[in-house]
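K.L.:
sequence-free structure coming up:
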């Protein structure tokens with residue numbers, strides 16, 4: 001594994017981009033609240049930002065296999081810099097309107113879809129020893145989680161709380177940092193020669209490969225069912241956790257409870273390699289999926305916040321291995337010229 005060369009630079013670029021993503025998780029709601037207090041209009045900002053994963057994921061995979069993946073990531077980050085620089089100026093002038101936030105959220109969502117698909121597909125080119133993909137993905141995942149779930153939201157809340165425009169500007173700077181670091185990666189990151197087929201044909205080929213691969217198809221279906229249960233649970237969990245619900249938490253307490261999931265995931269990312277070495281990939285995946293019910297069982301058995309948080313930490317620490325092992329498997333077994341499309345199809349099935 002090339003460290004601290006290309007891999008170190010990729011980790012640094014990922015840290016910058018995820019720091020920006022995390023800051024926006026806090027800043028965008030604050031900007032939305034400065035425009036409207038209507039619950040539906042407010043929630044729509046987040047919804048619009050997630051729509052590109054439904055509509056753009058498959059084309060993003062096809063583009064990741066056609067274009068130089070590093071160049072795609074650089075261009076996306078520069079586009080996000082331009083979008084947020086414009087929003088920073090608008091917010092600084094106190095001229096923000098709701099439609100502007102919808103447009104910004106959707107554009108950033110498109111960028112996230114393109115960037116994340118290319119980023120997940122570029123690693124096998126950076127880490128040439130494919131026997132170390134689990135270690136590389138573990139380290140990358142730990143950095144992404146720390147920046148996205150801990151540091152980013154805190155920075156966004158702190159800076160955005162002082163001045164909304166400064167909060168948006170902080171994300172702009174972080175995206176720019178990520179773009180500059182990505183430019184320093186050396187090598188060729190194009191999956192194959194320029195394609196002569198249509199984007200539609202490329203998408204069909206990727207979907208057909210995923211549907212015809214027994215292992216990948218089974219893994220995608222398993223995580224899709226698991227994510228469905230998780231989404232359904234956490235959609236109503238705030239009613240249970242926040243007072244006057246049974247757990248009786250205030251807003252800060254609820255935030256700390258959710259942070260326990262991220263803390264467990266970060267800790268667990270360092271356990272994936274030894275766990276896989278001891279149990280094998282199959283055994284580790286079974287253990288990871290078996291730990292997932294911990295997110296649902298603990299709140300059903302107790303309303304004590306400390307016990308629920310402890311269960312969340314343990315469940316997250318064990319179940320995070322699923323993400324790291326499965327992405328490493330895809331990177332190892334899928335031909336490089338199909339990897340972007342298969343990654344995109346897998347994630348669409350898993351999250352859709």
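P.N.:
Here it is on my side, so go on. Only a predicted model underlies this, so the values are computations on that prediction, with no experimental measurement involved.
K.L.:
quick one: the closest residue to residue 122 other than its chain neighbours and residue 337, what's the gap?
P.N.:
Spatially, and ignoring its direct neighbours in sequence, residue 122 is nearest to residue 69 (4.3 Å; CB to CB, 6 or more residues apart in numbering). All C-beta spots, glycine's among them, are computed from the backbone N, C-alpha and C. Relative to residue 337, residue 69 is positioned 12 Å away (CB to CB, to the nearest Å).
K.L.:
Ok, residue 239 next?
P.N.:
Residue 239 is 47 Å from residue 337, where distance means CB to CB.
K.L.:
Please identify which of those two sits among more neighbours.
P.N.:
Neighbour totals were compared for residue 239 and residue 337, and residue 337 leads with 16 against 10 (other CB atoms under 10 Å).
K.L.:
I'd say that one and residue 191 touch.
P.N.:
Yes: using CB atoms under 8 Å as the test, residue 337 is close enough to residue 191 to be in contact (4.7 Å).
K.L.:
which residues do these two both contact?
P.N.:
residue 65 (CB atoms under 8 Å, 6 or more residues apart in numbering).
K.L.:
Got the domain ranges for this protein?
P.N.:
For the chain, automatic domain parsing gives the domain ranges 6-183, 199-351.
K.L.:
what would these look like in TSV with mean pLDDT?
P.N.:
What follows is the domains of the chain, written out as TSV (pLDDT from 0 to 100):
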stretch	mean pLDDT
domain 6-183	92
domain 199-351	90
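K.L.:
winner for burial among the ones you listed?
P.N.:
domain 6-183 (a mean of 20; mean count of other CB atoms under 10 Å).
K.L.:
what touches both of residue 69 and residue 337?
P.N.:
With contacts taken as CB under 8 Å, 6+ apart, residue 69 and residue 337 have residue 191 as neighbours in common.
K.L.:
rewinding a little: phi, psi for the residue nearest to residue 122 please.
P.N.:
Per-residue torsions, residue 69: phi -70, psi -40 (degrees, to the nearest 10).
K.L.:
and it, how far is that from residue 341?
P.N.:
For residue 69 relative to residue 341 (CB to CB), the value is 13 Å.
K.L.:
What of residue 62?
P.N.:
Distance from residue 62 to residue 341, by CB to CB: 6 Å.
K.L.:
cool, residue 42 as well?
P.N.:
35 Å.
K.L.:
Which parts of the stretch 1-150 of the chain are helices?
P.N.:
6-33, 39-55, 57-66, 69-92, 98-126, 133-145 (DSSP state H, counting those that start in this stretch).
K.L.:
can you put the ones you listed in a markdown table and add distance to residue 166?
P.N.:
A markdown table is the format used below for the helices of the stretch 1-150 of the chain (distance: least, CB to CB, whole Å):
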| stretch | distance to residue 166 |
| --- | --- |
| helix 6-33 | 9 |
| helix 39-55 | 20 |
| helix 57-66 | 31 |
| helix 69-92 | 8 |
| helix 98-126 | 17 |
| helix 133-145 | 24 |
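K.L.:
Nearest approach to residue 234 belongs to which of these?
P.N.:
The stretch from the helices of the stretch 1-150 of the chain with the least distance to residue 234 (CB to CB) is helix 39-55; that distance is 13.8 Å.
K.L.:
Need the residues that contact that closest one.
P.N.:
Contacts for helix 39-55 (CB under 8 Å, 6+ apart): 28-29, 32-33, 36, 98, 101-102, 105-106, 108-110, 112-113, 347-348, 351-352.
K.L.:
How far does that helix sit from its chain's centre?
P.N.:
16 Å (CA atoms, centre = their mean, to the nearest Å).
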